[in-house]
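Undergrad: Predicted structure and sequence below. I'll ask about it afterward.
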Amino acid sequence: MFGLRIRKGSYRNVLLTKKYAIKFPIFSSWENFLRGILCNINEVKYSTINCQHLCPVLCSYLGSFVIVMPRVKVDCSEQTRNKFWSEIEKQPYSEREVYKNIVEWKTDSVGYLGEQIVAVDYGH
Ligand SMILES: Nc1ncnc2c1ncn2[C@@H]1O[C@H](COP(=O)(O)OP(=O)(O)O)[C@@H](O)[C@H]1O
Ligand SMILES: [Mg+2]
């Protein structure tokens, strides 16, 4: 309805509107709920270091209980994931290490924000 979709991640549910992705913790267990908040907190933090291949966090609410990103065209193909990591290889060493430490190595973690290839799941 209204073009809204829900995606389920490991620790967060993501409500997708036409333009935005709204992320909040899952409620399956107390531990997962806390991990979901922590992932949101981490994405807020990493988003401020201005890495061009991380999808930015636009705003956050209630101590990062809810965060909002622009909606990305997530592409689950192996080819896109490989393209993402080959772009990362071109970055300076220190930036490259950041991506390697924080981006989930999964096919549904990357996609396109306009022309730019970006990761959407980097809070773990
Ligand atoms: N900015 C975004 N734009 C579009 N889809 C997104 C965005 N962020 C997350 N998603 C979708 O929601 C799913 C779950 O989000 P994710 O960040 O991976 O949560 P978790 O860390 O709990 O696994 C992702 O695999 C992706 O398909
Ligand atoms: Mg995920």
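TA: Nice, thanks for sending it over. Fair warning: this is a prediction, and the values are worked out from it, not measured in the lab. Residues are numbered from 1 along each chain as shown. Ligands and ions are numbered 1, 2, ... in the order given.

Undergrad: Would you confirm that Glu78 contacts Thr107?
TA: Yes: taking Cβ atoms under 8 Å as the definition, Glu78 is a contact partner of Thr107 at 6.5 Å. For the C-beta atoms, the positions are set from N, CA and C on the backbone; glycine is no exception.

Undergrad: Which SSE is immediately downstream of the host helix or strand of Phe33?
TA: Using DSSP states H and E, Phe33 maps to helix 30-47. Using DSSP H and E, the helix or strand that directly follows helix 30-47 along the chain is strand 59-61.

Undergrad: contacting residues for the residue in the chain that ligand 1 sits nearest to?
TA: Sorted by distance to ligand 1 under Cβ to the nearest ligand atom, the residues of the chain start with Gly9, at 2.3 Å. Contact analysis of Gly9 by Cβ atoms under 8 Å, 6 or more residues apart in numbering lists Lys23, Ile26, Asp121.

Undergrad: Going by how many neighbours each has, rank Glu78 and Thr107 and give me the top one.
TA: More crowded of Glu78 and Thr107, by other Cβ atoms under 10 Å: Thr107, with 16 against 9.

Undergrad: For the closest residue to the more buried one other than its chain neighbours, what is the enclosing helix or strand?
TA: Nearest residue to Thr107, sequence neighbours excluded (Cβ to Cβ, 6 or more residues apart in numbering): Cys76, at 4.4 Å. Assigned by DSSP H and E, Cys76 belongs to no helix or strand.
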